[in-house]
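> Predicted model and sequence follow; I will ask about them next.
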Amino acid sequence: MNWDQIKGQWKQLKGSARRKWGEITDDELEQAQGDRDRLIGLVQERYGIAREAAEKQVDEWSREI
């Protein structure tokens with residue numbers, strides 16, 4: 001799924017993101033609004049990982065949904 005589609009369906013996809021990254025709050029996911037860079041930043045911040053690792057996780061998730 002591409003990021004334009006993800007943004008358009010974010011309300012439905014938030015649950016999937018929440019299951020994948022349980023440390024990220026619902027409010028934070030709401031604020032991300034399906035924006036790839038925001039989501040990467042949240043994953044990086046919450047899990048204390050490098051940006052490249054967060055990008056890899058987010059990209060893998062987007063391909064799985």
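It's in.
> residues in contact with the host helix or strand of Q44?
Q44 is part of helix 36-47 when elements are defined by DSSP states H and E. With contact meaning C-beta atoms under 8 Å, 6 or more residues apart in numbering, helix 36-47 is reached by 3, 6, 17, 21, 23-24, 28-29, 31-32, 49-51, 53-55, 57-58, 62. In this view, the C-beta of every residue, glycine as well, is placed from N, C-alpha and C.
> go again using 6 Å as the cut-off
Under the contact criterion C-beta atoms under 6 Å, 6 or more residues apart in numbering, helix 36-47 has outside partners W3, W21, E23, I24, E28, A32, R51, A54, E55, Q57, V58.
> Give me the spatial nearest neighbour of the second one, chain neighbours excluded.
Think W21. Spatial nearest neighbour of W21, excluding adjacent residues (C-beta to C-beta, 6 or more residues apart in numbering): V43 at 5.8 Å.
> Same check on the third one?
Leaving aside its sequence neighbours, E23 sits nearest to R46 (C-beta to C-beta, 6+ apart; 4.3 Å).
> what number of residues lie near the one you found?
Per other C-beta atoms under 10 Å, the neighbour tally for R46 reads 15.
> next one: the one 10 residues further on
Under the neighbour criterion other C-beta under 10 Å, K56 is assigned a count of 14.
> ok, it to R63 distance?
Separation of K56 from R63 (C-beta to C-beta, to the nearest Å): 11 Å.
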